[in-house]
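Asker: build me a structure from this.
(chains A and B)
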Amino acid sequence: MVESSDRMETGESLLLTKLFVPQVRPNRVARPGLVARLTQALSGKLTLVSAPAGFGKTTLVADWLTDLRCTIPDPGLKADGVSIQNRQSQIQNRVAWLSLDDGDNDPNRFLAYLAAALQEIQSDWSQSVQELLSSPQPPALTAVMAALINAIAASDSPPFVLVLDDYHLISASCVHDALSLLLDRLPPSSQGMHLVILSRADPPLPLARLRLRGELTEIRADDLRFTLEEALALLNEVMGLGLTCQQIALLESRTEGWVAGLQLAGLSLQGLPLGQVGGFVETFAGSHRYVMDYLMEEVFSRQPADVQQFLLHTSILDRLCGPLCDAVTDRDDGQAMLEWLDTANLFVVPLDHERHWYRYHHLFTDLLHDRLQYTQTDSLPVLHLRAAEWHERHGLIADAVGHALAAPDFGRAAGLIEQSAPETLARGELGTVLHWIESLPQELVGSRPWLCVYQAWALAHTDRHSEAEALLQCAEQHIHIESRGQGAPFPSSMQQTDAQRILGHVAYVRARVASVRGDVSRAFDLLRRARALLPDRDLLIRCLVAYVLGSTHLTSGDLTGADDAFADAARLGRAADNIHVAGVALVGLAKVRKLQGRLREASSLYQEAARLLNERGRQQSQAMGNVKMGMGDLLREWNDLASARRHLVEGIKCHQRWPNPSSLAFGYGILAQVLQAQRDEQGAFDALQKARHLIQRYDVYPEMRRVVQACEVRLWLAQSNVGIASRRLWESQVVEEDMPGFVHELDQITLARLLIAQKRFDEALGLLARLAQTAEVEERNGRLIEILVLQALGLQAQARSVEAHADLRKALALAEPEDYVRIFVDEGAPMAALLRRALSQNVAPNYVGRLLAAFEEPAALSPLVEPLTRRELEVLRLIADGLKNQEIADRLVISVATVKRHVTNIYGKLGVGRRVQAVARAQELGLL
Amino acid sequence: MCADNKAGFGATDEFYQIRVKGHLGPEWSTWFDGLTITNEPHGEAVLAGPVVDQAALHGVLAQVRDLGLPLLSVNRVERDLGEDRC
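Answerer: Reported below is the predicted structural model:
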């Protein structure tokens, strides 16, 4: 009996078996013609090997891959002017293999395995995908695919091959769509990925289009049929039979070159005494019986009885290993049997190097299973139950469920599903859970509240809201009915915490539906209810609930609520090992601190988040991007402009692969402010353009839109362009009469700024007074300082010096402990004058002295005295792409001499001497 | 020839004949869930019987495919209502 210590190991190895690149048997028939065709196919995007079962598809492709690995480039090998041998030798070991099964129709499962397969090629792709899948709002499959494609296209990784085996098992249209997208967007065939699909039927992908463009190579049944020579090699050389040419011809003709048929024929013949060979061949050739049927009968019936039993009983298994076979057959010779079958080449296929796991060739399994059903129907339930038990004991719950359903033992299946649904849902595999539960009888599901909850969860996340609601009510009723009958608030048959947990989950699922429908306040109430009900145990869902609550609180300006919820989410995220949520929760907390005017604490939080993400290898993740951008904003405030810029640029880079428009808009907006402070006006406007472009194209969060708008208005006002500034605000319909409170605060501050520029001081001051009151009461010191600064400026402009200075003193008092700088310096000369007066009155002399010094500071990085021309920029971009002078000349259709002249000019303007330096400097200046 | 009067043969079931290449033994009827198998002289076999709906039909065709049985034709048969009374 296998101990539970094997639990994790067997769980792990199951994943690996799907990724295992099949090994080629040493004594197989070589098919060099087909292998060469596969190599030629590398010049296109897709190779399709489409033929019914038993035509040797997998063997051929495995053979070809082995060939690739050992290839020494042949200088004479070219096709279409593209050097195949280069690509071939680069590929070598860069092969990703994914053996598909029925479960991969769940799009998130498919994606997870695809990413795992690509892990071997480039490890950070897999990680990014997993991160996306485990985030609170996982995106659609096509979105993740698009991002994955961009990652593949953008990376410099050399070419590789991705093989998808048994593609005919995929029926989910979303997976077909995702692959169509992949094929469409793949970069030109000379780089990046080449896809190989093996299938028993032509997949519903845009094959015609690929064919037209010469991007598709097809290998079909007729190509795969064994020729006479190959049949001879198989039967006489590999299988050691001594058949005559005529006999081989008969066999080849009868099987029509179908290799599975030939192999079975060979196996049948191997067991025969020499004298009967001729008769067998003649009878076989003359029969009309379906080849498989005839030969299976022969091969099978010739095995000893115990082998027959073994084969039949283990045919219910998708994958076999010694101990599993023993459990199912109730014998102890499982491992020995498998090894014997392997040696005898009886249709058993190894799934790993250790010879631990095997599977039967699909055709064989199907035929055996059918025979089992026909001859021993009654034994099926027992066999499935034994299989279910074994898989359960070894932590392979998905398989256990499958067998339990097949037995059928619905009660057992229900228990297993309840056990593994939480983590399956956590991995985003909603489709899997739905499929399981939908295989159970409805009454059974109705009687088990947890099943109702999990099904509702999966339905709610796939937008089947009314079905979800019906199930949730069913779950609730179950609790209330039971409890009513016993006169207690919760039924005693169920622990109180269990009933609470169910109600907590119900609230969470309802919150999800409400939030998708846009009913924010209902979602809010439900989330708080969920949070109150759920105990610590339900880590993952509590963590998600806390995070969503934190965001909702923050959006409505309830900083205390946000503080509490985000801190909870960070703690729970760490405990639940969901690093992404822990990271973004810390970022949320930092934003709260910034609003509260506690910059140093915000900085520590960002650093903590960065440490956490670095520890877990998430340096390039979206969460890290948000950390860097937030930190950049703080550094900007502290007037460390060079560091601020670096952080923001890095933060923006983290989002290039998996763009989050809201975060990116924020990043560009703050970058614009930094560049403005560095007196790089063109750069500032460029950054702002990017931010605006994102806002126009995507559904960016309102608060981020406001930040960008505030930056924009500042920029226009700094250029004394009051007209455009006011038009922008008018476009976004900011109104003075909007209710006070956090939601519109930033817009109204921006409006006040505009009013001051328009010299409408009374209106501005009236607005600011209201804003100051609310900000003070709600303890948003960060905003309050800005409001006080504007008030001081407005009052001074009305010659109300005493009041102006009172406000300024108040602002300075709040700002000094946290070292605010830009909030004063950005206001320019009028503020400088006020500060000089304050200094003369001995108000916070050290601090004010520092502020005044900041006014005079030259920009940390002076922009170009002489900007690059358009042509020079083009050349510079091509240099950054790694092109040599000749290539640039070809691309731009100019002479090499001209290119060299441009390069010299570029070096001069950038103040550098080498290409590498030029690129670096250009990036620093935001030119690239 | 009458179709087997299987329990649950509703008025909405369609009747199909699926022709494949190669003779099949009787045990294949379990594989093809209730269709009758008739082996015809020229090395062809006909699977015939009621099929509940399109999805079920595609399911049968997939099974034919998965076996590697060459599919020759699929025909929907008009039933004379009188034939039900067998």
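
Asker: show me the contact partners of the helix or strand residue A:512 falls within.
Answerer: Using DSSP states H and E, residue A:512 falls within helix A:496-516. Around helix A:496-516, the neighbours that count as contacts under CB atoms under 8 Å, 6 or more residues apart in numbering or on different chains are A:449-450, A:453, A:456-457, A:460-461, A:463, A:465, A:468-469, A:472, A:475-476, A:479, A:483, A:490-491, A:520, A:522-524, A:526-527, A:529-535, A:537-538, A:541, A:544-545, A:548. C-betas here are computed from N, CA, C, even on glycine.

Asker: so how far is stretch A:380-390 from its chain's centroid?
Answerer: Here the centre of stretch A:380-390 is set off from its chain's centre by 36 Å, with CA atoms, centre = their mean, to the nearest Å.

Asker: report whether that stretch contacts chain B.
Answerer: No. For a cut-off given as CB under 8 Å from any CB of the partner chain, stretch A:380-390 has no contacts with chain B; the smallest distance is 11.4 Å.

Asker: now the closest residue to chain B within chain A. Its backbone dihedrals?
Answerer: Ranked by CB to the nearest CB, the top residue of chain A for proximity to chain B is residue A:290, at 3.0 Å. Note on residue A:290: backbone dihedrals following degrees, to the nearest 10 are phi -50, psi 130.

Asker: list the contacts for it?
Answerer: B:20, B:21, B:22, B:23, B:24, B:45, B:67, B:69 are the contacts of residue A:290 under CB under 8 Å, 6+ apart.

Asker: what secondary structure does the last one sit in?
Answerer: Assigned with DSSP: H, G, I helix; E, B strand; the rest coil, residue B:69 falls in the coil class.

Asker: not counting sequence-adjacent ones, nearest residue to it?
Answerer: In this structure, residue B:69 finds its nearest non-sequential neighbour in residue B:20, 4.6 Å apart by CB to CB, 6 or more residues apart in numbering or on different chains.

Asker: what helix or strand is that neighbour on?
Answerer: strand B:14-21.

Asker: counting contacts, what elements does that strand pack onto?
Answerer: strand B:44-51, helix B:54-67, strand B:71-76 (3 or more CB pairs under 8 Å, 6 or more residues apart in numbering or on different chains; DSSP states H and E).

Asker: which outside residues touch the longest one?
Answerer: So the one you mean is helix B:54-67. By CB under 8 Å, 6+ apart, helix B:54-67 touches A:52-53, A:168, A:200-201, A:290, A:292, A:362-363, A:366-367, B:14, B:16, B:18, B:20, B:31-33, B:35, B:47, B:51, B:71, B:74.

Asker: next SSE downstream of the helix holding residue A:512?
Answerer: helix A:520-533.

Asker: hmm, who's touching that following helix?
Answerer: Taking CB under 8 Å, 6+ apart as the rule, helix A:520-533 contacts A:500-501, A:503-505, A:507-508, A:510-512, A:514-515, A:541-542, A:545-546, A:548-549, A:552, A:565.

Asker: just to check, residue A:236 is in contact with residue A:245?
Answerer: No. Counting by CB atoms under 8 Å, residue A:236 stays clear of residue A:245, with 9.7 Å between them.

Asker: neighbour count winner among these two?
Answerer: The neighbour comparison of residue A:236 against residue A:245 (other CB atoms under 10 Å in any protein chain shown) goes to residue A:236, with 17 against 10.

Asker: in space, what's closest to the more buried one - neighbours in sequence excluded?
Answerer: Closest to residue A:236 by CB to CB, 6+ apart is residue A:243, at 6.0 Å.

Asker: do you know how far that neighbour is from residue A:280?
Answerer: According to CB to CB, to the nearest Å, residue A:243 and residue A:280 sit 10 Å apart.

Asker: swap in residue A:95?
Answerer: 41 Å.

Asker: which residue of those two possesses the greater neighbour count?
Answerer: Using other CB under 10 Å as the criterion, residue A:95 and residue A:280 rank with residue A:95 on top: 20 against 16.

Asker: torsion angles phi and psi at that one?
Answerer: Torsion angles, degrees, to the nearest 10, at residue A:95: phi -130, psi 130.

Asker: just grab the bridge partners of it for me.
Answerer: residue A:161 (DSSP bridges).

Asker: where does the residue nearest to residue A:236 land in three-state SS?
Answerer: coil.

Asker: that one: how many residues sit nearby?
Answerer: Neighbour number of residue A:243 under other CB under 10 Å is 21.

Asker: same thing with residue A:284?
Answerer: So residue A:284, with other CB under 10 Å, has 21 neighbours.

Asker: ok, it - contacts?
Answerer: Taking CB under 8 Å, 6+ apart as the test, what residue A:284 contacts is A:251, A:254, A:265, A:268, A:294, A:295.

Asker: could you redo those as TSV and give each row neighbour count, distance to residue A:33 and pLDDT?
Answerer: Output for the contacts of residue A:284, formatted as TSV (neighbours: other CB atoms under 10 Å in any protein chain shown; distance: CB to CB, whole Å; pLDDT from 0 to 100):
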residue	neighbour count	distance to residue A:33	pLDDT
A:251	27	21	92
A:254	19	23	88
A:265	31	23	89
A:268	22	28	85
A:294	22	30	82
A:295	23	27	81
